[in-house]
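Chemist: Here's my sequence, what's the structure:
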Amino acid sequence: MLKKGNKLYSILTGSCPKCHQESMYEAKNPYKVGFLFKMKERCSHCGTKYKIEPSFFYGAMYVSYGLGIAFAVAAFVISFLVFKATLVHTFIAIVATMIVFMPVIIRISRNIWINFFIHYDPQQAKTRPKSTS
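Modeler: The predicted structure is shown next:
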């Protein structure tokens, strides 16, 4: 099981990279397309600012490219090598995989990117939530 304090926990759950106490996103479900890119400004528990600088998440596009390639290769291997599909059906499987998993890839890319720069702090996880007053 994934435990708080592990980067993988923050990446897969979309939780605050510093305290792991709440989601960074307004809607946890990435398939709510209207809320796909909407993030909270700060963590209400530890006060971590998610958008470190303007255009911070542009760097996540590079991560997204790598993840997209990984998903496409997985779709190829499963359809062509495992199920012995034709090249046309394999291409369709790759395109369908990319369309279906696009919101997940975008979210995971952002989670990976922010976890490069912000690290888990056990002290922040234990402190009481900061007031916004």
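
Chemist: Pull the contacting residues for I94.
Modeler: Shown in contact with I94 (Cβ atoms under 8 Å, 6 or more residues apart in numbering): A72, A75, F76, S79. Every residue, glycine included, has its C-beta placed from N, CA and C.

Chemist: I'd like the distance between the first one and S10.
Modeler: In other words, A72. As defined by Cβ to Cβ, to the nearest Å, A72 lies at a distance of 25 Å from S10.

Chemist: Looking at the two now, which is surrounded by more residues?
Modeler: A direct count of neighbours by other Cβ atoms under 10 Å for A72 and S10 places S10 higher, at 25 against 16.

Chemist: Looks to me like that one is in a strand.
Modeler: No - counting by DSSP: H, G, I helix; E, B strand; the rest coil, S10 falls outside a strand, being helix.

Chemist: Now do the contacts for it.
Modeler: With Cβ under 8 Å, 6+ apart, S10 has these contacts: C16, P17, H20, N111, N115, Y120.

Chemist: 10 Å instead, please
Modeler: 2, 4, 16-20, 24, 111-112, 114-115, 118-120 (Cβ atoms under 10 Å, 6 or more residues apart in numbering).

Chemist: Just the buried ones out of these, please.
Modeler: C16, P17, K18, C19, H20, M24, N111, I112, I114, N115, I118, Y120 (16 or more other Cβ atoms under 10 Å).

Chemist: out of the residues you listed, which are inside strands?
Modeler: Taking DSSP state E, every one of the buried ones among the contacts of S10 sits outside strands.

Chemist: Show the low-confidence segments of the protein, by residue range.
Modeler: 1, 128-133 (pLDDT under 70).

Chemist: quick one: the strands in it?
Modeler: Taking DSSP E, the chain contains no strands at all.

Chemist: A85 against I78, yeah?
Modeler: Yes - if you go by Cβ atoms under 10 Å, A85 and I78 touch, sitting 9.0 Å apart.

Chemist: which residues are in contact with both of these two?
Modeler: Here A85 and I78 share the contacting residues A93, scored by Cβ under 10 Å, 6+ apart.

Chemist: ok so, going back, make TSV out of the buried ones among the contacts of S10 and add distance to K40.
Modeler: Shown next, in TSV, are these (distance: Cβ to Cβ, whole Å):
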residue	distance to K40
C16	9
P17	13
K18	13
C19	13
H20	14
M24	6
N111	14
I112	18
I114	12
N115	16
I118	14
Y120	18
